[in-house]
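Colleague: need a 3D model of the sequence below.
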Amino acid sequence: MNAHYLISMLTLFILSQINIFSQDVYDIIKSAENKFKGETSQGKFTMIINTPDYQRTLKMESYNKGKDKALIVITSPPKEAGNKTLKIGKELWTYLKSTETTMKLPASMMLQSWNGSDLTNDDLVRESSLYDDYELKMLFEEKIGNEICWKIELVPKPNAPVVWDRIYYWVRKIDYNPSLVQYYNERGELVRTMKFSDIKNIDGRIIPSKWTIINEKKKGNTTEFIYEDVKLDKPIPDRVFSFRELEK
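Modeller: A predicted model of the protein is given here:
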């Protein structure tokens, strides 16, 4: 192995590292997160809850306007149809159709399971913003499935209102879609894994149509979150995000 060969190999290695870190890590995460967002969004979703003991399927509709307004309506099964969740700013309310009651959820309930799934109330209303609440660090490139991904480490900023002590986020280089996300608690334990699959063209965007949430603390517990139909940047009247609509 001659000196010229060693220099060539070293140059290639340095160039590869420059290529990895030439991308702004905040832009990468923002692009991945915004794949599913618009000024407004409305859609139909299916959530399948799997446990070692049972399986449940919920169908729902959701309406989002900016970061501060969201309404989620369960449409199936009949026993739970009409139950709703409303977010305005940092406040959250739930409406139970069977008893016709509305309850404001305290902050302490934001991290509780939503309808027995591996999603929390916080997940559904998108309370936190990764690129605002976390310090980001590019680690390296890694192949997930058939695609090369950037692996990015996220550590909370001081006093950020977040739950996770550390997040590892893999973003596909080919299309900036999320591929895999791992969530760790303050004890360094892996609590939850999210996998993204079934890339499709939905309302003009190439995005994963299926999320699989794996509960790492309860073996055998998973939740599948499936996009049926999504419309982005279509006008949504403000009255949709009202108590009258919540209790309608």
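
Colleague: now the one residue sitting closest to the centre of the chain: which helix or strand?
Modeller: For the chain, the residue nearest the mean C-alpha position is Asp123 (6.7 Å; CA atoms, centre = their mean). Using DSSP states H and E, Asp123 sits within helix 121-125.

Colleague: so which bits of the next helix or strand after that helix are buried?
Modeller: Using DSSP H and E, the helix or strand that follows helix 121-125 in sequence is helix 130-133. For helix 130-133, a neighbour-count test (16 or more other CB atoms under 10 Å) marks 130-131, 133 as buried. Backbone N, C-alpha and C define where each C-beta goes, glycine included.

Colleague: one more: stretch 169-183?
Modeller: By neighbour count on 16+ other CB under 10 Å, the buried set for stretch 169-183 is 169-173, 176-183.

Colleague: and which of these is nearest Pro208?
Modeller: Pro208 lies nearest to Asn177 out of the buried residues of stretch 169-183, by CB to CB, at 5.8 Å.

Colleague: ok, the closest one touching Ser209?
Modeller: No: if you go by CB atoms under 8 Å, Asn177 and Ser209 don't touch, sitting 10.8 Å apart.

Colleague: what's the overlap in contacts for those two?
Modeller: The contact sets of Asn177 and Ser209 overlap at Ile199 (CB atoms under 8 Å, 6 or more residues apart in numbering).

Colleague: any stretches of the protein with poor pLDDT?
Modeller: Scanning the chain for pLDDT under 70 picks out the ranges 1-23, 124-128.

Colleague: repeat that with 50
Modeller: Within the chain, the segments meeting pLDDT under 50 span 4-22.

Colleague: what is the longest strand of it by residue count?
Modeller: Secondary structure of the chain per DSSP state E: the longest strand is strand 190-202.

Colleague: adjacent strands (with direction) for that one?
Modeller: strand 178-184 (antiparallel), strand 205-215 (antiparallel) (DSSP bridges).

Colleague: can you pull the contacts of the residue nearest to the centre of the chain?
Modeller: Trp114.

Colleague: from now on call the first residue 182
Modeller: From this message on, residue numbering opens at 182, which makes the last subject Asp304.

Colleague: how close does it sit to Tyr408?
Modeller: 15 Å (CB to CB, to the nearest Å).

Colleague: which residues of the chain fall in helices?
Modeller: Applying DSSP state H to the chain gives helices spanning 184-203, 206-215, 302-306, 311-314, 424-427.

Colleague: does anything pack onto the fourth one? Which helices or strands?
Modeller: Using 3 or more CB pairs under 8 Å, 6 or more residues apart in numbering; DSSP states H and E, the elements in contact with helix 311-314 are helix 206-215.

Colleague: and for the last one?
Modeller: Secondary-structure packing of helix 424-427 (3+ CB pairs under 8 Å, 6+ apart): strand 265-269, strand 272-277.
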